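**Student:** A predicted structure for the sequence below; I have some questions about it.
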Protein chains: 2
Amino acid sequence: MRSRHHDIADDLRQQIAKGGIQPSERLPSEADLADRYEVSAVTLRRALAVLQSEGLVEKIHGKGNFVRRPHRKILYVGGWGTLDPWTAAEPALRVTVRSTTVPAQAQLTNLLKVPTGSPIVETTCISHEGESPHGLARIYMPRDLVPAGVLDDDFPCREAVTRFAVLGPPPAALREKVRARPPTLDEASALRIGHASVVLSITRIATDSTGRVVEATLLAFPGDRVDAVFTTHHVTDERQTQG
Amino acid sequence: MRSRHHDIADDLRQQIAKGGIQPSERLPSEADLADRYEVSAVTLRRALAVLQSEGLVEKIHGKGNFVRRPHRKILYVGGWGTLDPWTAAEPALRVTVRSTTVPAQAQLTNLLKVPTGSPIVETTCISHEGESPHGLARIYMPRDLVPAGVLDDDFPCREAVTRFAVLGPPPAALREKVRARPPTLDEASALRIGHASVVLSITRIATDSTGRVVEATLLAFPGDRVDAVFTTHHVTDERQTQG
DNA sequence: CAGTGGTCTAGACCACGAA
DNA sequence: TCGTGGTCTAGACCACTGT
């Protein structure tokens, strides 16, 4: 049972794929497109919503609908808490960082396993590639475990943050819980994605050899830009090559 | 700027939370709700779409909108390719399985690293808990590697499939690529979720000790019902980095 | 200001499910 | 058949962006 807005989405998708509309170029206005396809504005907007949720189109209120550049997919590599080396080496990456100290409350006491009110350093990072943000991290560490320099304005850990890596020394164990969900209102605006979009959310708990939680991180990635990959080797001595 | 349909979604969400509408109970018809809130049908449907994407409400065409039971979150445990033991032991789980043999084509030749046209056994599994499906698996194995019994109608591997486990012998390595994306049309109908919902998609590649791909599985879970968890212990990992 | 997208309406018609 | 949700329309009004 094909619906009209899906047909239109398919047609536009194909036009974009064939290069009829170039990346970062503006689509005709919704009114024009509605005329062209002989549908109502609402139906045409549904078609665009499909493309937006696929990450093909970016809507900007008051300006128009724009074809997004076909970013290559970024890989978050599980187990090490980092983007893949190619991505991390990308010079176009910019990071916005802000650190504050807050007292531990409800969710944080659970994640970090600390008493309520403990001083916690919250570090918020938004990573951009060119214009489009591709990652949001909220890192929480007990204040006494924060490596020197993280609280500086200069922030020498910038490189680690760019890769969304664990900030402190390598932890003994990492537990990464992966969710797929719609963005919160904050995330939708921070990541510049629609409210109907999809977020890959990773809650990462790093513990040291004594079992103490040294870092809890809430990562949010636009689903259309980032995948996460996890590799497990059940035979310890075996070396596998991967493509 | 709050929109009317968000306010309505908030109101309904609160009513559900307070127990004003019980789980598995039907909401008033959309026409009634539209009257009650004094909005148009379209606006009311947008409000319901919000709740549906949060997994609070299940829409059934021709029957109504139903409050979903607050299922506990199911855990897919990475590295072993299985649901967590509690879930897997759940007696209410039912599985629908269908196996066919197909020749390898485009995507499959890549995933399985086999020549085009190789005989591949495709096994499709849908797992239900009560009424609601909570997982869809498409398992591909080279025909000569399929364990005896998988192709039987009786299907003794049913238990393994219930957990979405790897069907054959334990592989040497697993590579699991996790995506968050909107459902395909097939998945939306198979999983009984809206087209605007969110799917946690896992592409799982299992290789034996020689590096041969023994199984490729495409898993799709409703984002609101399933999380995936991956645990890494760097202590037992000899390749820990210094620096 | 004009042009754009964002929300909403009142009503039509279609598709599904249960009697 | 009837009540339900699913799609679509034509038009109104608001909010944002640039001039």
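**Tutor:** On my side now, so go ahead.

**Student:** who in chain A is up against DNA strand C?
**Tutor:** A:1, A:27, A:29-32, A:41-42, A:45, A:59-65 (Cβ under 7 Å from any atom of the strand). C-beta here means a position set from N, CA and C on the backbone, and glycine is covered the same way.

**Student:** and the residue of chain A positioned farthest from its centre, how far from DNA strand D?
**Tutor:** Distance from the centre of chain A peaks at residue A:38, with 36.7 Å (Cα atoms, centre = their mean). For residue A:38, the distance to DNA strand D equals 6 Å [Cβ to the nearest atom of the strand, to the nearest Å].

**Student:** roughly how far does that residue sit from residue B:231?
**Tutor:** 55 Å (Cβ to Cβ, to the nearest Å).

**Student:** what's the answer for residue A:229, then?
**Tutor:** 15 Å.

**Student:** residue A:180 now?
**Tutor:** 19 Å.

**Student:** which of those two has more residues huddled nearby?
**Tutor:** Legend: neighbour count by other Cβ atoms under 10 Å in any protein chain shown for residue A:180 and residue B:231, higher for residue A:180 (27 against 17).

**Student:** all helices of chain A, in order?
**Tutor:** Per DSSP state H, chain A carries helices over the ranges A:4-17, A:30-37, A:41-53, A:85-89, A:106-112, A:158-162, A:185-190.

**Student:** as CSV, these with mean neighbour count, distance to chain B and mean pLDDT would be great.
**Tutor:** Shown next, in CSV, are the helices of chain A (neighbours: other Cβ atoms under 10 Å in any protein chain shown; distance: least, Cβ to the nearest Cβ, whole Å; pLDDT from 0 to 100):
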stretch, mean neighbour count, distance to chain B, mean pLDDT
helix A:4-17, 16, 8, 94
helix A:30-37, 15, 16, 95
helix A:41-53, 19, 5, 94
helix A:85-89, 14, 13, 61
helix A:106-112, 15, 14, 90
helix A:158-162, 17, 12, 67
helix A:185-190, 14, 9, 76
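
**Student:** out of those helices, which gets nearest to residue B:107?
**Tutor:** Relative to residue B:107, the nearest member of the helices of chain A by Cβ to Cβ is helix A:4-17, separated by 17.3 Å.

**Student:** can you tell me what sits against that closest one?
**Tutor:** A:21, A:27, A:33, A:37, A:39, A:43-44, A:46-48, A:50-51, A:54, A:56-57, A:67 (Cβ atoms under 8 Å, 6 or more residues apart in numbering or on different chains).

**Student:** compute the inter-axis angle for that helix and helix A:30-37.
**Tutor:** 100 degrees (axes from the mean of the first three to the mean of the last three Cα atoms, to 10 degrees).

**Student:** is helix A:4-17 anywhere near DNA strand D?
**Tutor:** Yes: judged by Cβ under 7 Å from any atom of the strand, helix A:4-17 comes into contact with DNA strand D through A:4-5.

**Student:** how far does that helix sit from the chain's center?
**Tutor:** Its chain's C-alpha centre and that of helix A:4-17 lie 26 Å apart, by Cα atoms, centre = their mean, to the nearest Å.

**Student:** got the CA positions of it in PDB?
**Tutor:** Written as PDB, here are the backbone C-alpha positions of helix A:4-17 (Å, rounded to 0.1, in the frame of the first residue of the first chain):
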ATOM      1  CA  ARG A   4       1.500   9.500  -2.100                       C
ATOM      2  CA  HIS A   5       4.100  11.000   0.200                       C
ATOM      3  CA  HIS A   6       6.300   7.900   0.000                       C
ATOM      4  CA  ASP A   7       6.200   8.100  -3.800                       C
ATOM      5  CA  ILE A   8       7.200  11.700  -3.700                       C
ATOM      6  CA  ALA A   9      10.000  10.900  -1.200                       C
ATOM      7  CA  ASP A  10      11.200   8.200  -3.500                       C
ATOM      8  CA  ASP A  11      11.200  10.500  -6.400                       C
ATOM      9  CA  LEU A  12      13.100  13.300  -4.600                       C
ATOM     10  CA  ARG A  13      15.500  10.800  -3.200                       C
ATOM     11  CA  GLN A  14      16.300   9.600  -6.700                       C
ATOM     12  CA  GLN A  15      16.700  13.100  -8.000                       C
ATOM     13  CA  ILE A  16      19.200  13.800  -5.200                       C
ATOM     14  CA  ALA A  17      21.000  10.500  -5.900                       C
END
